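Student: here is the input, now give the coordinates:
(one chain, ligands or ions: 1)
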Amino acid sequence: MNNWKSLYIYFISGTGNAKASSEWIADEAKKKGLKTVIQQIDRLENIVMPDSDEKPLIGFAFPTHGFNAAPIMLKFIAGFPRGLSNEVFLLNTRAGMKISRLFLPGLSGVALMLPAFMLMLKGYKCIGFRPVDLPSNWIPLHPAIKKKVVESIFARCEKIVRGFAGKLLSGKKVYRGLFSLPVDLLISPVAFGYYFAGRFFLSKTFIASYKCNRCGLCIKECPTSSIKYVNERPYWKLTCESCMRCLNRCPEKAIEAAHGMAAVFWLIFTLINARIIILIINTLNIQPEVWWWKLATEVISIIGMILITSGLYRIMHYAMGFRPVKYFIRFTSLTALPFWRRFVFIKKNKKNHNLI
Ligand SMILES: Cc1cc2nc3c(=O)[nH]c(=O)nc-3n(C[C@H](O)[C@H](O)[C@H](O)COP(=O)(O)O)c2cc1C
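Tutor: Sure, this is the predicted structure:
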């Protein structure tokens, strides 16, 4: 049986799902008389760690990004000190949907397995992990879910998360994430593709349209400090994790995922990349079938994709000063369509959990 005196949750949340989950768990812990501290790990700044005499149970809550934990959480866990407590738990929020009365789950991939393994290597015992299918916030892929549906998904998930917390706090182990292990293992290669390549491409698909009034909210709110002003307009750096906070919070709805621009980048990259690979083969007289060259081709393509996309993004950023470019980008951005809703933020209870 446990003898925890406190609960510390470290969370990262683009659009509030992991934050709400952390608050629900903290609520349950408070009912059991535990001191609760839930801390947002934005920019990995001012993180408060528990003292060992607080006998803490430590939790980590984060969204799933590309079938993996959000990169900032992986970085946080990699640098997390050893020996702060015996037990930890993990919660990943995923892309939940609802069609008619049917609640559809997202996919975790390695989002739970990898952090659990990293914490295990640090000597922590993972007493529970669970995916939670809160509303999908992947707005470049689909318009945001309608408010009524969001509310219904939230109500269902609140019960699930509180139940999860109740079991953990009463000393039970909950490994709910294991249910989908076969599928998660099957898609795990995509997680690594996303981590090492895909996310860098996505970071270069955001633009601030002519609606931007330079209020600076996106820069202030970005959890990874990935937005800065270049040429007097917001510019997204490669460190952007596409958490969707900026796109959904912008009061002017000025931030778009530029689909047309991304398609042009991809086309140019594909054309240039193929030529670079052929040039290297011919210059160095390489047999294209050898295994090491196949591996090298992948690495060259990833590095090429990051460099070419970044270069093109900077050019486009300046070119947006010209009307045709500005309008091409805006009118080929699906997120600019009138029916493409932004994420609906649910107002959470305002209980005091020492939210840092
Ligand atoms: C870039 C990106 C990648 C995502 N990848 C996945 C994924 O692989 N699997 C999944 O179920 N949901 C995925 N989602 C959806 C989010 O994980 C989900 O909406 C989550 O609840 C958001 O939590 P938050 O509001 O705390 O950021 C992704 C969302 C974004 C923006």
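
Student: leaving out sequence neighbours, find the closest residue to Y318.
Tutor: For Y318, ignoring the flanking residues on the chain, the nearest one in space by Cβ to Cβ, 6 or more residues apart in numbering is N231 at 6.0 Å. Where you see a C-beta, it was placed from the backbone N, CA and C, and this is true even at glycine.

Student: let me see the backbone angles for the one you found.
Tutor: With angles defined as degrees, to the nearest 10, N231 sits at phi 60, psi 40.

Student: for I145, give me its contacts.
Tutor: The contact partners of I145, by Cβ atoms under 8 Å, 6 or more residues apart in numbering, come to 97-98, 135-136, 153, 341, 344.

Student: what's the closest of those to E252?
Tutor: The shortest gap between E252 and any of these belongs to R341, at 15.3 Å (Cβ to Cβ).

Student: of the contacts of I145, list those near the ligand.
Tutor: Counting by Cβ under 6 Å from any ligand atom, S136 from the contacts of I145 sit close to the ligand.

Student: sorry, back to before: distance of the residue nearest to Y318 relative to M320?
Tutor: 9 Å (Cβ to Cβ, to the nearest Å).

Student: count of residues packed around the residue of the stretch 201-350 of the chain found nearest the ligand?
Tutor: Proximity of the stretch 201-350 of the chain to the ligand (Cβ to the nearest ligand atom) peaks at S242, 3.9 Å away. Neighbour count for S242, taken as other Cβ atoms under 10 Å: 26.

Student: what does the stretch 101-250 of the chain put close to the ligand?
Tutor: Proximity of the stretch 101-250 of the chain to the ligand (Cβ under 6 Å from any ligand atom) is limited to residues 106-107, 109, 134, 136-138, 242-244.

Student: just the residues you listed now: which is nearest S225?
Tutor: For these, the closest approach to S225 (Cβ to Cβ) belongs to C243, at 12.2 Å.

Student: would you map the strands across the protein?
Tutor: With DSSP state E as the criterion, the chain has strands at 6-11, 35-40, 56-63, 87-93, 97-99, 102-104, 125-132, 174-175, 206-208, 227-230, 233-236, 255-257.

Student: buried ones only from the residues of the stretch 101-250 of the chain next to the ligand, please, as a PyMOL command.
Tutor: In PyMOL syntax, the buried subset of these is picked out as below (16 or more other Cβ atoms under 10 Å):
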select buried, resi 106+107+109+134+136+137+138+242+243+244
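
Student: residue ranges in the stretch 201-350 of the chain under the pLDDT threshold?
Tutor: 347-350 (pLDDT under 70).

Student: circling back: more neighbours, N231 and M320?
Tutor: Neighbour tally, N231 and M320, criterion other Cβ under 10 Å: the higher count belongs to M320, 22 against 10.

Student: skip the chain neighbours and tell me the closest residue to that one.
Tutor: According to Cβ to Cβ, 6+ apart, the nearest residue to M320 is K326 (4.9 Å).

Student: neighbours of the one you found, how many?
Tutor: Using other Cβ under 10 Å, K326 has 16 neighbouring residues.

Student: wait, it touches H317, no?
Tutor: No. Between K326 and H317 there is no contact under Cβ atoms under 8 Å: 11.0 Å.

Student: which residue does the protein have closest to the ligand?
Tutor: Going by Cβ to the nearest ligand atom, the ligand is nearest to G106 of the chain, at 2.1 Å.

Student: check what pLDDT that residue gets.
Tutor: Per-residue pLDDT puts G106 at 96.

Student: in contact with it, which residues?
Tutor: 64, 94-97, 131, 133, 136.

Student: in CSV: the residues you listed, plus pLDDT.
Tutor: Listed next are the contacts of G106 as CSV, based on pLDDT from 0 to 100:
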residue, pLDDT
T64, 98
R94, 98
A95, 97
G96, 96
M97, 96
P131, 97
D133, 97
S136, 96
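
Student: so how far is stretch 257-266 off the chain centroid?
Tutor: Offset of stretch 257-266 from its chain centre (Cα atoms, centre = their mean, to the nearest Å): 21 Å.

Student: quick one: the helices in the stretch 1-150 of the chain?
Tutor: Along the stretch 1-150 of the chain, the segments classed as helices by DSSP state H, counting those that start in this stretch run 17-31, 71-78, 113-121, 147-169.

Student: out of the strands of the chain, which gets nearest to D184?
Tutor: Nearest of the strands of the chain to D184, taken as Cβ to Cβ: strand 125-132 at 9.4 Å.

Student: pairing partners for the closest one, with directions?
Tutor: Sheet pairing of strand 125-132 (DSSP bridges) gives strand 87-93 (parallel), strand 174-175 (parallel).

Student: nearest to H142, out of those?
Tutor: Of the strands paired with strand 125-132, nearest to H142 by Cβ to Cβ is strand 87-93, at 16.6 Å.

Student: how about the CA coordinates for the closest one, as PDB?
Tutor: These are the backbone C-alpha positions of strand 87-93, laid out as PDB (Å, rounded to 0.1, in the frame of the first residue of the first chain):
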ATOM      1  CA  GLU A  87       6.300   5.600  -8.300                       C
ATOM      2  CA  VAL A  88       5.200   7.500 -11.400                       C
ATOM      3  CA  PHE A  89       2.300   7.400 -13.800                       C
ATOM      4  CA  LEU A  90       1.700   8.600 -17.400                       C
ATOM      5  CA  LEU A  91      -1.300   9.900 -19.200                       C
ATOM      6  CA  ASN A  92      -1.400  10.700 -22.900                       C
ATOM      7  CA  THR A  93      -4.200  12.600 -24.600                       C
END
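
Student: I appreciate the help and will end here.
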